[in-house]
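Colleague: Predicted model follows, preceded by the sequence.
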Amino acid sequence: MNITPFGLTPDGQKVDQILLTKGDLSCQILTFGATIRSLTVPDRYGSPTDVLLGYDTLEEYLRHDGYLGATVGRYANRIAGGTFGLNGETYRLAINNGPNHLHGGLCGFSHQVWDIETCDTGSVTLRLHSPHMQEGYPGSLTCHVTFTLEDDSLTIRYQATTDRDTLCNLTNHSYFNLSGHGSGPVLEQELRLFAHYYTPTDATAIPLGTLGPVAGTPMDFLSPTPIGKNIQAPFPQLTDALGYDHNYAIDGPTGTLRPAAVAHSAATGITMEVSTTLPGVQFYSANYLPPHRMGKAGKTYGPRHGFCLETQFFPDSPNRPNFPSAILRPEAPYDHTTVFRFPRP
């Protein structure tokens, strides 16, 4: 049986853990937040290596911030001032990140219990229904997230339907460390981003509404670059965010599965290739992960001990008509895919 109990929420909802296996890969998925708790892949010697930060108990997922491994929504990332307009109406959302709205609000999809719809050894589909005006969002939204392991990859497919116009922007907030989840900072690991432009932000991490070229700046990852090479540069985008926490505009057309990123650890030989149909990817260098936080298996996590590659629509797109639209309409269901591939070292 690949489904086991993981705990009870304070209001008595049962949370399960699903173990997926395929070849040399395995991962654990929680119904709480549709969270990826672990992802184990072989290193250069074939030794199993868990490359995701996570926790051992439900209580820790409930208590800690950071969204480790969670599916976030209804709108991933930030909306300025917690307000947006749609069809002549103004909607007000929770302010939960400085002056802004972040990751769906006070109890977004990351903090709700999803239902298991289908499950086998290599794949699981989780379902969540979000009623009209939950967290201030219009429309009754039904979401499905399918996690599928192949011999060398984990694919996440996001699907959603609504009964009226709304916003939908789903992503996964896993923290990767390709040297192993308890191995310390990721600053020496290399990253390549297939993005010639990013969305510069103000001091509260809200995009200015423009696309900035990465060339000639510390934001440039067009060729493989150690994450820590320029992270301390006296560049306002980095000093405001204490490192990288920026959306990159992925080269190529939205809706087509295309390369977004490649990351590599010289310590383990593990490479991760990320492709997606979404328009952007938020590269976050775990700047705000608290020091000395206890993680899985007695390991300790801290700032920059992982990195996130959150495929997504751009932050604050409801208030930026020149950005790709995250409006979901009843006649056009949401259907996007992100693939994390681990070619053999």
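Modeller: Nice, thanks for sending it over.

Colleague: Strands along the stretch 151-300 of the chain, start to end?
Modeller: 153-162, 166-167, 171-172, 190-193, 197-198, 212-213, 225-226, 245-249, 258-264, 271-276, 280-284, 293-294, 300-301 (DSSP state E, counting those that start in this stretch).

Colleague: Tyr158 is in contact with Leu141, isn't it?
Modeller: No - taking Cβ atoms under 8 Å as the definition, Tyr158 is not a contact partner of Leu141, at 11.8 Å. Glycine gets a C-beta too; all of them are placed from N, C-alpha and C.

Colleague: Would you mind listing where this structure has pLDDT under the threshold?
Modeller: Low-confidence segments of the chain (pLDDT under 70): 1.

Colleague: now the residue located most distally from the centre of it: how far from Asp165?
Modeller: Computed with Cα atoms, centre = their mean, the maximum C-alpha offset from the centroid of the chain is found at Gly88, amounting to 30.6 Å. Counting by Cβ to Cβ, to the nearest Å, the gap from Gly88 to Asp165 is 11 Å.

Colleague: OK, contacts around the residue lying closest to Ala195 once chain neighbours are set aside?
Modeller: With sequence-adjacent residues excluded and distances taken as Cβ to Cβ, 6 or more residues apart in numbering, Ala195 is closest to Tyr248, at 3.7 Å. Residues in contact with Tyr248 (Cβ atoms under 8 Å, 6 or more residues apart in numbering) are Leu193, Ala195, Tyr197, Tyr198, Thr199, Val214, Phe221, Gly280, Val281, Gln282, Phe283.

Colleague: Kindly supply the PyMOL command isolating those of those that are buried.
Modeller: Filtering the contacts of Tyr248 down to the buried ones (16 or more other Cβ atoms under 10 Å) takes a single PyMOL command:
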select buried, resi 193+195+197+198+199+214+221+280+281+282+283
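
Colleague: circling back: looking at the strands of the stretch 151-300 of the chain, which is nearest to Ile36?
Modeller: Nearest to Ile36 among the strands of the stretch 151-300 of the chain is strand 171-172; the distance by Cβ to Cβ comes to 6.5 Å.

Colleague: Run through who's touching that closest one.
Modeller: For strand 171-172, the external contacting residues (Cβ under 8 Å, 6+ apart) are 36, 69-73, 76-77, 156, 278, 282, 310-312, 338.

Colleague: repeat for stretch 264-271
Modeller: For stretch 264-271, the surrounding residues in contact (Cβ under 8 Å, 6+ apart) are 41, 43-45, 49, 51, 177-180, 183, 188-190, 224, 262-263, 272, 342-343, 345.

Colleague: Quick one: buried ones out of those?
Modeller: Buried by 16+ other Cβ under 10 Å: 41, 43, 49, 51, 177-180, 183, 189-190, 262-263, 272, 342, out of the contacts of stretch 264-271.

Colleague: Show me which of those is closest to Gly12.
Modeller: Of these, the one sitting nearest to Gly12 (Cβ to Cβ) turns out to be Val51, at 33.3 Å.

Colleague: Skipping adjacent residues, who's closest to Leu238 in space?
Modeller: Once flanking residues are discounted, Leu238 sits nearest to Pro218: 6.0 Å by Cβ to Cβ, 6+ apart.

Colleague: for Thr166, that is, sorry about that
Modeller: Gly139 is the one closest to Thr166 (Cβ to Cβ, 6+ apart), at 3.3 Å.
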